[in-house]
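In: Need coordinates for the following:
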Amino acid sequence: MRLPRLRADYGSVLLGSTDDSPRTTRVRIQLVLTTGVLIANAIGVGLSIALATVGIPKPAMRWDAWWMPFLVMPIYIGIAFLLGVVLGTVRLVRSLRWSIRGDAPTAREARAAMTAPWRLTVIQALLWAGGTIVVTVGYGIVDPELIPKVALVTGLSGVVVCAISYLITEFALRPAAARALEAGYPIARRSRLKGRALTAWAVGSGVPIVGILLVVVFAAVGGKSSPMDICIAVSAIAAIALLTGPLLTLLNADTIVGPLRVLRAALRRVRDGEHDVSITVFDGSDMGELQARFNEMTAGLAERERLRDLFGRHVGREVAEQALGWGVQLGGSEQVVGVLFVDVVGSTTLARERPATEVVALLNRFFEVIVTAVEENDGLVNKFEGDAVLAVFGAPLPHPDPAGGALRASRLIADRLPSAVPGLAAGIGVSYGVVVAGNVGAIERYEFTVIGDPVNESARLSEVAKRDTSLPVASEPAVMGAREAESRHWRFTDEQDLRGRNEITRLYAPGHSGGDRTSTSSTKVVPPTVNVRVPATTNPDLA
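Out: Numbers count the residues shown, from 1 in each chain. Coordinates of the predicted model:
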């Protein structure tokens, strides 16, 4: 069984996610902060003892002054640990209760959250400075020669503790920093990553180097160190460097890796098709700037996708894709298409007898049936003309069977309308032929449209279909131009002289398979010739 992946909105599973409860967040912060500070001070104490006894062996520590290592130092260390935990962690977390409760911070509270790592580091520095004074004075009373050694060893250890404490505190307080940045606290303009890297190098590598230099200095000045003493001292300092160097490097690297880990997960979601993706900005340095810019980018992508979706809904997804790919181009080209025209019966009476809101709701259900049937057959709803719909199959994108697609869609609409929109009938006409398809209008405002005789013919056929709205009516070229799988569902029904046309039109309607598919001359008409009349408008009532 595969376990679900834990969310790490703050760059680490130790800090949880933004969905955690305030209590859980506070417990996490307190636990990470207290544990980290205690570990940092324990490392400092161990480091100072190792440097004093082994790292810098000369002058040797005076163990006859038992009261220093067994009384004074333990008491001070215990007090310092207690004060460090109470003042440096518990009190600090309490000052950030607003972030844990989810309240919006004031400007002062936001600043306090962003400067909290420095304040805790100052507390640690003061405690170690006091410890340095106590230990130096204590051993100086016993042996004045120990004063330089004890002061340097304790002071260098305190620097290591302060560096570790700062990095751990900054890591633990990411949830509070995120709330402060969200409330508008400015991200640092100057790069803080360089400062972090230099600090980690100076403390992790610089302190051991200084220790080695001190070994050499004390050996040269005192003249009491043997080659073996120097070898042991250098080995001890190298071992200390192997401990503190990687720790500081890892803590510093996490200030970069943590935000990048969150950013990489968010980029993966964007790559998989999600556009409304945002990440938590929890870093006040360059990485926070990168996080904020990512959120701006995804917000722009989400807005672009929303506009693209709205654009596609208004003009049709195929037209939208073509416009986005080709840009602004007026004019069109001749294309062989299937045309479907659907017109409501008695729309004037409907608008007069029913409230406008009810009419709109009824028409929306009516249009939904048509749009669904057209899209199921890879057609394009070109425009809504009041209570009528014009759909095209074969433009702007090619269609393998434009006439068949229009015919199938017409049969689906006729079957679905009675149950989907009871009490509303419509005439459905289908035509097929050559049209000019393209963008018509001005460069400032234009629309995709189709102009040609099949458009007018489909509208006239929809008028004929209103006599029996249970069956759509198609022209002979449409049936003859469709593939066998669709044309076999249609049969010849009548011949009529349609308004605005100077020739007889042979009409077809859905019927049993095997119907008459031959024209009067017994020849199949596919495709129609391109020598067609092209009227100046797509509005059938003006033809």
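In: where does the stretch 51-200 of the chain have low pLDDT?
Out: Applying pLDDT under 70 to the stretch 51-200 of the chain picks out residues 55-58, 62-65, 85-88, 100-102, 188-195.
In: Let me see the ranges of the strands in it.
Out: Assigned by DSSP state E, counting those that start in this stretch, the stretch 51-200 of the chain shows no strands.
In: Equivalent analysis for the stretch 351-500 of the chain, please.
Out: Using DSSP E, counting those that start in this stretch, strands in the stretch 351-500 of the chain cover 380-385, 388-393, 426-441, 446-451, 473-475, 490-496.
In: where among those is the average confidence lowest?
Out: Note on the strands of the stretch 351-500 of the chain: strand 446-451 shows the lowest mean pLDDT, a mean of 75.
In: middle-most residue in this protein, spatially?
Out: Most central in the chain under CA atoms, centre = their mean is residue 277, positioned 2.1 Å from the mean C-alpha point.
In: Is it in contact with residue 270, as I believe?
Out: Yes: using CB atoms under 8 Å, residue 277 is in contact with residue 270, at 5.5 Å. Backbone N, C-alpha and C define where each C-beta goes, glycine included.
In: Which neighbours do these two have in common?
Out: residue 298 (CB atoms under 8 Å, 6 or more residues apart in numbering).
In: Does anything pack onto the strand or helix carrying residue 348? Which helices or strands?
Out: Assigned by DSSP states H and E, residue 348 belongs to helix 347-353. If contacts are counted by 3 or more CB pairs under 8 Å, 6 or more residues apart in numbering; DSSP states H and E, helix 347-353 sits against helix 356-376.
In: Measure how the helix it packs on sits relative to strand 426-441, angle-wise.
Out: Helix 356-376 runs at 80 degrees relative to strand 426-441, counting by axes from the mean of the first three to the mean of the last three CA atoms, to 10 degrees.
In: Pull the residues that contact helix 356-376.
Out: 340, 342, 344, 350-351, 354, 380-381, 384, 387, 389, 391, 409, 412-413, 416-417, 420-421, 424, 426.
In: Quick check: phi and psi on residue 298?
Out: Dihedral pair for residue 298: phi -70, psi -30, per degrees, to the nearest 10.
In: swap in residue 505?
Out: According to degrees, to the nearest 10, residue 505 has phi -110, psi 130.
In: wouldn't it be in contact with residue 496 here?
Out: Yes: using CB under 8 Å, residue 505 makes contact with residue 496 at a distance of 5.7 Å.
In: the more surrounded of those two?
Out: residue 505 (19 against 15; other CB atoms under 10 Å).
In: Pull up the gap between that one and residue 14, please.
Out: Distance from residue 505 to residue 14, counting by CB to CB, to the nearest Å: 78 Å.
In: Make sure residue 393 is actually in contact with residue 381.
Out: No: if you go by CB under 8 Å, residue 393 and residue 381 don't touch, sitting 10.7 Å apart.
In: Residue 400: neighbouring residues, count only.
Out: 10.
In: correction: residue 35
Out: Residue 35: 14 neighbours (other CB under 10 Å).
In: Sticking with it, tell me its helix or strand.
Out: Using DSSP H and E, residue 35 falls in helix 22-50.
In: Mind giving me the packing neighbours of that helix?
Out: Partner elements for helix 22-50 (3+ CB pairs under 8 Å, 6+ apart): helix 73-85, helix 91-94, helix 97-101, helix 107-142, helix 146-172, helix 174-182, helix 227-271.
In: That helix: how far from the chain's middle?
Out: Put simply, helix 22-50 sits 34 Å off its chain's centre (CA atoms, centre = their mean, to the nearest Å).
In: Equivalent analysis for stretch 454-468, please.
Out: 49 Å.
In: Residues contacting it, please?
Out: 337, 339-343, 345, 388, 390, 425-435, 471-475, 496, 498-501, 505, 507, 532, 535, 538, 540-541, 543.
In: now do 7 Å
Out: 337, 339-343, 345, 427-433, 435, 471-475, 496, 498-500, 507, 535, 538, 540, 543 (CB atoms under 7 Å, 6 or more residues apart in numbering).
In: For PyMOL, write the select line for the buried members of those.
Out: Applying 16 or more other CB atoms under 10 Å to the contacts of stretch 454-468, the buried members can be selected in PyMOL as follows:
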select buried, resi 337+339+340+341+342+343+345+427+428+429+430+431+432+433+435+471+472+473+474+475+498+507+535+538+540+543
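In: So which of the strands of the stretch 351-500 of the chain is the most surrounded?
Out: Each of those was scored by mean neighbour count; the highest is strand 473-475, a mean of 30, by mean count of other CB atoms under 10 Å.
In: just checking, what packs against it?
Out: Applying 3 or more CB pairs under 7 Å, 6 or more residues apart in numbering; DSSP states H and E, one finds that strand 473-475 makes contact with strand 426-441, helix 453-465, strand 505-510.
In: any chance of these in TSV, with distance to residue 398 too?
Out: Putting the helices and strands packed on strand 473-475 into TSV (distance: least, CB to CB, whole Å) gives the following:
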stretch	distance to residue 398
strand 426-441	11
helix 453-465	17
strand 505-510	25
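In: Tell me which of these sits nearest to residue 484.
Out: Among the helices and strands packed on strand 473-475, strand 505-510 comes nearest to residue 484, with 14.6 Å by CB to CB.
In: what's the burial count for the closest residue to residue 429 other than its chain neighbours?
Out: Ranked by CB to CB, 6 or more residues apart in numbering and with sequence neighbours excluded, the top spatial neighbour of residue 429 is residue 461, at 2.8 Å. Residue 461: 28 surrounding residues under other CB under 10 Å.
In: do the same with residue 497
Out: Count around residue 497 with other CB under 10 Å applied: 10.
In: What separation is there between it and residue 246?
Out: Taking CB to CB, one finds residue 497 at 94 Å from residue 246.
In: can you pull the contacts of the residue nearest to the centre of the chain?
Out: Taking CB under 7 Å, 6+ apart, one finds 266, 269-270, 298 in contact with residue 277.
In: any idea how far stretch 269-281 is from the chain center?
Out: On CA atoms, centre = their mean, the centre of stretch 269-281 falls 1 Å from that of its chain.
In: State the mean pLDDT of it.
Out: On average, stretch 269-281 scores 81.
In: Mind listing what's buried along that stretch?
Out: Result for stretch 269-281 [16+ other CB under 10 Å]: buried residues 270, 275, 277, 279-281.
In: Make JSON lines out of those residues and add distance to residue 82 and secondary structure.
Out: Listed next are those as JSON lines, based on distance: CB to CB, whole Å; DSSP: H, G, I helix; E, B strand; the rest coil:
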{"residue": "270", "distance to residue 82": "49", "secondary structure": "helix"}
{"residue": "275", "distance to residue 82": "52", "secondary structure": "coil"}
{"residue": "277", "distance to residue 82": "45", "secondary structure": "coil"}
{"residue": "279", "distance to residue 82": "39", "secondary structure": "coil"}
{"residue": "280", "distance to residue 82": "34", "secondary structure": "coil"}
{"residue": "281", "distance to residue 82": "35", "secondary structure": "coil"}
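In: Distance to residue 42 for the residues you listed - can I get that in TSV?
Out: Below are the buried residues of stretch 269-281 laid out as TSV (distance: CB to CB, whole Å):
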residue	distance to residue 42
270	43
275	48
277	41
279	35
280	32
281	33
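In: which one of those sits closest to residue 155?
Out: So of those, ranked by how close each gets to residue 155 (CB to CB), first place is residue 281, at 36.9 Å.
In: distance of the closest one from residue 125?
Out: 29 Å.
In: nearest spatial neighbour of residue 511, skipping sequence neighbours?
Out: residue 491 (3.6 Å).
In: Surely that neighbour is in contact with residue 508?
Out: Yes: the criterion here is CB atoms under 7 Å, and residue 491 meets it with residue 508 at 6.4 Å.
In: Between those two, which contacts overlap?
Out: Joint contacts of residue 491 and residue 508 (CB under 7 Å, 6+ apart) do not exist.
In: mind listing what residue 263 touches?
Out: Contacts of residue 263 (CB under 7 Å, 6+ apart): 279, 290-291, 294.
In: Residue 338 now?
Out: 393-394, 402-403, 405-406, 430, 432, 478.
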